[in-house]
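**Q** here's my sequence, what's the structure:
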Amino acid sequence: MTERGDQGAAIAAACARLGRPKAWTAEDGYEHAIVGGAVDGPRVAWVERRSKIDGSWEDVDYFLRATVDGVQVLEWVVDTYNPFFGCDVGYLHWWSDRIVLVYREKHRAILCAVTLAGQVEMREIDDDWRMVDDRVVFASEARGLVERARLPDLPMLVPLPQ
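**A** Here you go, the predicted model:
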């Protein structure tokens, strides 16, 4: 049931709209890479990895950023156990005034919705997930059931038999 959205086209569209490459090195020595993207009319959302090796230590962060009509309206540090282990974006999409993101970090898959005001709702979900209309469906810890969360505000719905 796992859905790993192909972010390639979405990243390319976000980069084109932002007028920047997929990866670059800033003047301060930090390497940046866009690892997830979503374009909806004048709105662009993207997940950006920023990293720099400092001796034997790597400084890494992931940011969810958004612009509307070219003006940045959101910057949220993606919540990860340890960003060094990565942030694999499986889904990034605008839903009304929210940006919905499904990503995999070191220990878990996370579904989150972030408003442009910076309010964040998060749900830990199973690695085995799929988008079905306005729902995220994922394997339940209870054998024989699937869990469901409705987008964009993420209330949990009654589990269903597989």
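**Q** who's Trp95 bridged to?
**A** Under DSSP bridges, the beta-bridge partners of Trp95 are Arg98.
**Q** and it, what does it touch?
**A** By C-beta atoms under 8 Å, 6 or more residues apart in numbering, Trp95 lies in contact with Ala113, Asp134, Leu151, Pro152. All C-beta spots, glycine's among them, are computed from the backbone N, C-alpha and C.
**Q** tell me where this structure has helices.
**A** With helices called from DSSP state H, the chain shows them at 8-18.
**Q** report the central residue of it.
**A** Closest residue to the average C-alpha location of the chain: Leu101 at 3.5 Å, with C-alpha atoms, centre = their mean.
**Q** hmm, back to that, for the contacts of Trp95, which one is nearest Glu121?
**A** Ala113 (4.8 Å; C-beta to C-beta).
**Q** give me the beta-bridge partners of that closest one?
**A** In this entry, Ala113 is beta-bridged to Val100, Glu121, by DSSP bridges.
**Q** right, and it touches Pro155 too?
**A** No. Using C-beta atoms under 8 Å as the test, Ala113 is too far from Pro155 to be in contact (10.6 Å).
**Q** got any residues that touch both of those two?
**A** Counting by C-beta under 8 Å, 6+ apart, nothing touches both Ala113 and Pro155.
**Q** what's around the residue lying closest to Asp128 once chain neighbours are set aside, how many residues?
**A** Spatial nearest neighbour of Asp128, chain neighbours left out: Ala139 (4.1 Å); criterion: C-beta to C-beta, 6 or more residues apart in numbering. The tally of other residues near Ala139 (other C-beta atoms under 10 Å) stands at 18.
**Q** could you do Cys112 as well?
**A** 21.
**Q** same check on the one 4 residues further on?
**A** Using other C-beta under 10 Å, the number of residues around Leu116 comes to 14.
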